[in-house]
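Peer 1: pasting the sequence and the predicted model now:
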Amino acid sequence: MKNFDRRIKRLSEQLQSNGLDYLCLIPGANFTYYTGIDKDLSERPFVALFPATGSPAFIIPKLEHETTQKLLPYKAGFFTYTDEEGHEAAFQQAAHALGLSKKRIGVEYRSMRMLELRQIERQAPDCLITEADPLLSETRMNKDDEELAKMREAIRISEAALAATIKQVEPGQTELEIQNILHIELLRAGAHGLGFPLIVLSGPRAALPHGTAADRAVKTGDCLLFDYGGKYGPYTADITRTFVVGTAGPDWKDIYHVVKEANAAAREIAGPGVETGEVDRAARQVIERADYGDNFTHRTGHGLGLDVHEPPYIVAGGKTRLQPGMTFTIEPGIYITGEIGVRIEDDVLITENGCDSLTSFPRDLTTI
């Protein structure tokens, strides 16, 4: 309750300092951050309106009114609707009662749906819709103790699931079969869901950084890449490990050790006051010195928490200075089209003294 009181108070201050009268959110990571409610979007609008001063208000289906009241960590106003009535009247009532006409309303430009946006504009003539993403991103980058505890548990569960999965892997199984084993083990270990679609790739298909599992059968000598993350509450892990099935050739081993060294270099340099671009550069230099620079085709990492991808972004030229409480991934990779792909991804936390790895799964080249 205290955490949400602090969040709402800080949001009020930010809205006032940015000249906004309201923040309008629909289900998603920011909605969860300010309400404690983790829910999916549906055809029924579910809208939270946070004023610069005063209490929040919600436009929601009547069938979810009782549950929402119980889940919310604070008191709020409600405008409800039934399926028979439709939602337009609830938007109209909210706009009139809250005086939304001619108000400056901040929204998430990358996730606000046209359904809710058009209703707000229709019922609140002359309101000014403006972008609130920078304000929201800055707030969520620094995790509090409660958030970190949930992230640590998501990571613990995810690592236990991977350990259980690799014991069951055998040549001849398909990527999809192995992916299903991992999914089952995540749930068995206590995951509340998946942070994102699981990625299990083998052999030359591991060279696809964001590939999807297929019916390809795993062969002896293949690399086998897992990129996955289980959720605990609304917080997710994001881990990648690459294994060898059977015996790895010398070139395979060399590439693996370059990626491992790049991962270590980035973790070593990360700390308070360091720019995100410096962390990316530390990993990229290792890979470039080994003449694989053209085969590292993505940024070194991204923020992690309620979203699997959120600020800060560990990217070339990034100017964000790391601060205690920031959590992000470090995931250098080398991808040789048609041959192999190797990525080693850890979840890390910036502390007062440096950088702690929240992930502890072994990084050494492991045969399964």
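Peer 2: Alright, I've got the coordinates.
Peer 1: mind listing the helices for the protein?
Peer 2: Assigned by DSSP state H, the chain shows helices spanning 2-17, 29-35, 65-71, 88-98, 114-123, 133-140, 145-166, 175-189, 250-269, 276-289.
Peer 1: how big is the angle separating the fourth one from helix 114-123?
Peer 2: Calculated by axes from the mean of the first three to the mean of the last three Cα atoms, to 10 degrees, helix 88-98 forms an angle of 50 degrees with helix 114-123.
Peer 1: what's the answer for the last one, then?
Peer 2: What separates the directions of helix 276-289 and helix 114-123 is an angle of 150 degrees, with the same axes, to 10 degrees.
Peer 1: and helix 276-289, what does it pack against?
Peer 2: Packing partners of helix 276-289 (3 or more Cβ pairs under 8 Å, 6 or more residues apart in numbering; DSSP states H and E): helix 250-269, strand 310-314. Placement of C-beta: from N, CA and C, glycine included.
Peer 1: hmm, try it at 10 Å
Peer 2: For helix 276-289, the elements it packs on are helix 250-269, strand 301-303, strand 310-314, strand 327-330, strand 333-336, judged by 3 or more Cβ pairs under 10 Å, 6 or more residues apart in numbering; DSSP states H and E.
Peer 1: Throw the ones you listed into TSV and include mean neighbour count and mean pLDDT, thanks.
Peer 2: Below are the helices and strands packed on helix 276-289 laid out as TSV (neighbours: other Cβ atoms under 10 Å; pLDDT from 0 to 100):
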stretch	mean neighbour count	mean pLDDT
helix 250-269	19	95
strand 301-303	24	98
strand 310-314	22	97
strand 327-330	26	98
strand 333-336	22	98
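Peer 1: for the ones you listed, which one sits closest to residue 41?
Peer 2: Among those, the nearest to residue 41 by Cβ to Cβ is strand 310-314 (18.0 Å).
Peer 1: where's that closest one relative to the chain centroid, distance-wise?
Peer 2: In terms of Cα atoms, centre = their mean, to the nearest Å, the centre of strand 310-314 is set 10 Å apart from its chain centre.
Peer 1: pairing partners for that strand, with directions?
Peer 2: Strand pairing for strand 310-314, using DSSP bridges, gives strand 301-303 (antiparallel).
Peer 1: what's the partner strand in contact with?
Peer 2: 137, 140-141, 143, 238, 263, 266, 270, 276, 279-280, 283, 308-315, 318, 320, 326-332, 345-348 (Cβ atoms under 10 Å, 6 or more residues apart in numbering).
Peer 1: swap in 8 Å and give it another go.
Peer 2: 141, 266, 279-280, 308-314, 326-331, 345 (Cβ atoms under 8 Å, 6 or more residues apart in numbering).
Peer 1: can you tell me the centre-most residue of the chain?
Peer 2: With distances taken as Cα atoms, centre = their mean, the chain has residue 308 as the residue nearest its mean C-alpha position (1.4 Å).
Peer 1: make sure that residue is actually in contact with residue 230.
Peer 2: No. In this structure, residue 308 is not within contact of residue 230 by Cβ atoms under 8 Å, at 11.4 Å.
Peer 1: so what sits against both of the two?
Peer 2: Both residue 308 and residue 230 are in contact with 195, 236, where contact means Cβ under 8 Å, 6+ apart.
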